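K.L.:
quick one, fold the following:
(2 chains)
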Amino acid sequence: MSPKYAQRITPGARVLVTGASGLLGRSVAARLAELGYQVSTLQRSPSGLSSVREVRGSLTDPDAVRAAVEGQDAVIHMAAKVSVSGRREEFEQVNIGGTERLLDAAWSAGVDNILYVSSPSVAHGGSSLVGVGAGPADPQRAEGHYAQTKAEAELIAESRAEVGMKVLVMRPHLVWGPGDGQLTKRIIDRAKSGRLPLLGTGAPLVDTLYIDNAVEAFSAGLLRLPSIAALPVEQRRLVVTNGEPRPIGELLMGIAAAGGAKPPRLRVPPVLAKGAGAAIEKIWAVTGPHADEPPMTKFLAEQLSTAHWFDQRHTQRVLDWKPSVSIDEGLLKLARHIRRTGKVV
Amino acid sequence: MVSWWRPVPANRARLPHQALTSTPLPGLASTWSRLVEAKSPGGPHTFHVLDTGPVLAERGIKPTGTILALHGNPTWSYLWRGVIAASLERAEPGSAWRVIAPDQLDMGFSDRLAHPEPPAAGAPSYRRLEQRLDDLDALADALDIDTGQPLVTLGHDWGGIISLAWAVRHSSSVDAVSTLNTAVDHPSGEPVPPALRAAMAPGLLPAATVLTDAFLRTTLSLAEGGLDPHVSAAYRAPYVSRLGRGGIGGFVADIPALAQHSSRTALEEASAGLREWEKPALLIWGPKDPVFRDRYLHDLLDRLPGADLHRFEGAGHLVAEDRNISEVLFTWLHQKFQHDAAPAASSPPPAAEVMGLHQQLAQMAASWRRDSPAVVELKDSGASQLSWAQLQEQVEVLASGLHELGVRSGDRVSLLVQPGNQLTVILYACLRLGAVAVVADAGLGLRGLTRAVRSAWPDWVIGEKPGLAAAAALGWPGRRISVDALSPRAAAIAGVEASVQRLLRGGRSAQLDTVPMPAGEDQAAVLFTSGSTGPAKGVIYTHARLGALVALLRSTFSIQPGASLIAGFAPFALLGPAIGATSVTPDMTVTKPATLSAAAVAAAAREGRATMFFGSPAALANVVATAGELSEQQRQDLAGIRLVLSAGAPVHPQLLDRVQELFPTAELHTPYGMTEGLLQADITRPEIHQAMATGQPGVCVGRPVEGVVFALAPLDDLGRPAETLQDPQNVPGKLGEIVVSAAHLKAGYDRLWHTDLRSRRDRYRELLWHRTGDVGHFDAEGRLWVQGRVQHVITTPAGPVGPGVVETPVDALPQVRRSAAVGVGPAGTQAVVVVLEPASGAELGFGSSPLAQPEVSRQVREASSEVPVSAVLVVDRLPTDIRHNSKIDRTALAGWAEQVLAGRRVNTP
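P.N.:
From the prediction side, this is the model:
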């Protein structure tokens, strides 16, 4: 049976991964190649992967996009502009325009299996999330250019189901681990230079996703994409986490310790409730705009001062997947990696 | 006529959804509304009526009965939207209630009457009770109510009075009555409740009710926790203008508080007629009502002794808004009118032949041991004791005196007396007379105690000075009797009309012989639960059920002639005489078990030649803690004790080991039970150690005692107990609600009709069961392991987890004094949180954060190998119940943890 009508997309199938220069995209592409998929990638800078067909270019370049999707069975769309700063138009061009362009090209080329990689932030504002599921993307509620444009793009991707495309949305939450130059490296660097004060109680429960589990979850998502995409819309949006909510303070201390940094001291400023978001933002503040940064905005800062954890029952059931690396095991792996290589990335 | 009064013109009835353009009516469907013309006095008038008849007809369902629901003042039929929605939800062919809820005339969206004059008692343009009954007659005719089917009235406030009066008027066609807070009588001469006084003052009445919406707003503000703004607006909608409020004033003016009031006769006819009512009656009550207070409930119960009562503790005047009354109402209707062929259930036979407690005492007093001590009490001042004969003598003398004073069989007597010889005499005197002892101990705290006494509504209060002072200050019901003789002045202040001391100086009167011995099925006592899981509940025991308990205690602990027990746990102090053992009350504050010292136990052991010691875990802990003060002689006194029993809450095995060192020759037991059934399972210390070695979660409480049958209701993924019970043998290791059947269980919950029905809903093996609300499992050896309460179960994505699965291994960590595992997040996907109380000297916290140190968290996660732990928090002290000081309040703790872990700044739990 041709992949177009199969219930599964099995090794051997041709898969395009966009945004393969980031940790997650690169790892997923490498893993799929390892599993026997014929992997192509589309990104601006070299991916450093050897066993893939690499198309260099931007989502804003119609020719590159057309060339990349040609002859594919499925697309994993991970590329996005995630910078902290920049004008709204730039986000719109890449995240909304780029996604539309990719979807159009795929449709023209007869590629109808789409795995759209999104973020839980598309559905929520800054409030506390306690064991919630994956609600619909809502550009009105999402905060910041990144989340708002990703929300728009997710709605566009979801709407393509109406013309017969098979669309699965996966929303990983806070990916970390060896090779992560953003969250993981930043925490360790700051802890080492003594600039990681833990403000507040450090108690809010936060879900994260260890990189290896993320890769396995995306592999599982690709494999079962056609059958999951046949479910009602609210069941084909999957927030993906380790399913182990932990106090944010404990996670930060654990990552810092894995990097050999002294555990940061916990500080409880007298007036906390109000300025929490802004205060924590300072920890995450970046020095200047870089491409492909995680969205270290006030929004993320708020996320980290309130609870952010999710109901994983549906995700694990439909993916038939469970995280194989626990957070504690992940921290040990990270520590071993840093000891061996001397660095995070 | 008041010069500033401006006449109110008549106005036509309207359909609310048409009349209102901008006010939403949450919960009210326009399809329920209709306008009905009726030939009412001075009419015809048009009434707005909510009627589910058409909706049911459209669904092709023929009603099998009718509920006529009448709102009060100043609400409208909107009050019944929940009942209507529930009736439609439950409606199915062969079982459907049609609900008819009219807006009374001049109220809601019904016709407005013209009022040339302001409202006042007897003012002619306003409806009076008599006319309102005629209105209802006319409406019933116009609505074509099927009297061939059951007809049930439902009322609230003024609607309660009118609906009851109407049911009395048509007692042949009305098949059952039900009402929420209302009153059918107000003793003339008694002041009206202060909450109403202002509105009823003739000079203020028009202003408070019609000219302004003060009365309306005050009433709506009585909803507990406040009404949703849209709901509140919906209630106000028909009354926003002065022109709509004539009826509100008319109702207030029609309150027949004075003897000469024009509606007094109609009211008295109705209230007298209620005494003749023999068909089903249901009362649903919110006790936090400033107007219809418990005294009116008591009056209703007096007139309707057969009524079923569900009293929602914490709910108020708008109980229909505060609680799910539909659940109670429809369950009750189902029970009364839909006779299922449920087999009759009964309790298993008792462990031994059952005798009344007072008869047991009489038998001892007549035996060869008549002159040996029955009760011994130790105080600072020394020991006092009574022999069996003396005890029996005093009981009979006091019973004679109480009877002469007017205490009768079935009267409720609240006992606010410290355990000791005197309480024993008073209790057995009550038992002899057939009066019902209400025992709410000070362990509930003053607030809890007040709630308990109000709910039990005693006819009499026998108390010591502090109890009487509280009774006087807080307006507790009941005629007062003091224990000590008071000076006339003090007695007058406390409202005391007699004293136990003086009554004891009288003699045994021959009158007592004419008082029949209470029957086995008569109520004997109302005991209160500890209230550690919601408001304390009154638990009713009959003479037969207390007798079964006594028989069981005798056989389980092989109590022989000459046995003597030190009662460090209040219930046993009272049962001692019936068991046939000498009861020794040590020098302690029984309501504060942690005040019992080792020396006090030794003194009691010596004075009372004690062979047994019954204590609570908190008392045992203090005895062990104060053991260092014992002399060699005192240690020897303790060595004479052969049986130590700890009841009320789980005991840590390590504590038991230390207790054993203190009582080297004693056998240690930790029985399992609850206020609703004091002894269900039993285990000894060596058996506990054997059980613990198997590493199962929770606290092992042993095997069922004689005559007790257990069943298990397994939990589903969301932690809900199954409706179908299982034989424990068939589901070893399965987590479920513990369900029990025995002859000595509660006879019922007091004034909690629905709670009682739910607790005894099972019909498995045709036995009468009690849902304990505890969760645990039975192991393959038939031992029961308890893990806490049903509501303490953590529903993780991997399934329900009893807190014990986590706590048992964590408690074993040396730096932990005790721990509590709670769930945060939505049911079914909860995260597990462990809260630690550090062992003395251990520093587990992380600065000022509630988080544990990372290393401590790591150890806790490692210990809880079966269940992943999300967060580990540290507190100085885990919150516990007042009575036992040992049951961890996991519900409060879970609420606290949820706040902390959501990032909110909170203090201690």
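
K.L.:
and chain A, which residues reach chain B?
P.N.:
Counting by C-beta under 8 Å from any C-beta of the partner chain, the positions of chain A adjacent to chain B are A:128, A:130-132, A:200-205, A:243-247, A:249-250, A:253-254, A:257, A:263, A:265-266, A:268, A:272-273, A:276, A:305-307, A:309, A:311-313, A:316, A:326, A:328. Every residue, glycine included, has its C-beta placed from N, CA and C.

K.L.:
would you mind listing which of these are buried?
P.N.:
A:128, A:130-132, A:200-205, A:243-247, A:249-250, A:253-254, A:257, A:263, A:266, A:272, A:276, A:305-307, A:309, A:311-313, A:316, A:326 (16 or more other C-beta atoms under 10 Å in any protein chain shown).

K.L.:
give the contact list for residue A:48.
P.N.:
Contact analysis of residue A:48 by C-beta atoms under 8 Å, 6 or more residues apart in numbering or on different chains lists residue A:26.

K.L.:
one step back: looking at the buried ones among the residues of chain A next to chain B, which are in helices?
P.N.:
Mapping these onto helices (DSSP state H) picks out A:249-250, A:253-254, A:257, A:276, A:305, A:313, A:316.

K.L.:
can you tell me which of those comes closest to residue B:785?
P.N.:
residue A:313 (27.7 Å; C-beta to C-beta).

K.L.:
not counting its neighbours along the chain, what's nearest the closest one?
P.N.:
Of all residues not flanking residue A:313 in the chain, residue B:797 sits nearest, at 5.0 Å (C-beta to C-beta, 6 or more residues apart in numbering or on different chains).

K.L.:
over to residue B:700: give its phi and psi.
P.N.:
Backbone torsions for residue B:700, taken as degrees, to the nearest 10, come to phi -80, psi 120.

K.L.:
so what's it bridging to?
P.N.:
residue B:785 (DSSP bridges).

K.L.:
that one and residue A:313: what is the separation?
P.N.:
Between residue B:700 and residue A:313 the computed distance is 33 Å (C-beta to C-beta, to the nearest Å).

K.L.:
quick one: contacts for whichever residue of the stretch 301-450 of chain B sits closest to chain A?
P.N.:
Of all residues in the stretch 301-450 of chain B, residue B:324 sits closest to chain A, at 25.1 Å by C-beta to the nearest C-beta. Contact analysis of residue B:324 by C-beta under 8 Å, 6+ apart lists residue B:82.

K.L.:
quick one: it from residue B:316, how far?
P.N.:
According to C-beta to C-beta, residue B:324 and residue B:316 sit 15 Å apart.

K.L.:
what's the answer for residue B:639, then?
P.N.:
Distance from residue B:639 to residue B:316, by C-beta to C-beta: 57 Å.

K.L.:
and residue B:657, by the same measure?
P.N.:
Residue B:657 is 50 Å from residue B:316, by C-beta to C-beta.

K.L.:
ok, now residue A:251?
P.N.:
Noted for residue A:251: a distance of 46 Å to residue B:316, by C-beta to C-beta.

K.L.:
same question, residue A:213
P.N.:
Taking C-beta to C-beta, one finds residue A:213 at 52 Å from residue B:316.

K.L.:
looking at these two, which one has more neighbours?
P.N.:
Neighbour count, other C-beta atoms under 10 Å in any protein chain shown: between residue A:213 and residue B:316, residue A:213 has more, with 25 against 22.

K.L.:
pLDDT value on whatever residue of chain B ends up closest to chain A, please?
P.N.:
When scored by C-beta to the nearest C-beta, chain B has residue B:825 as its residue closest to chain A, at 3.3 Å. pLDDT, residue B:825: 95.
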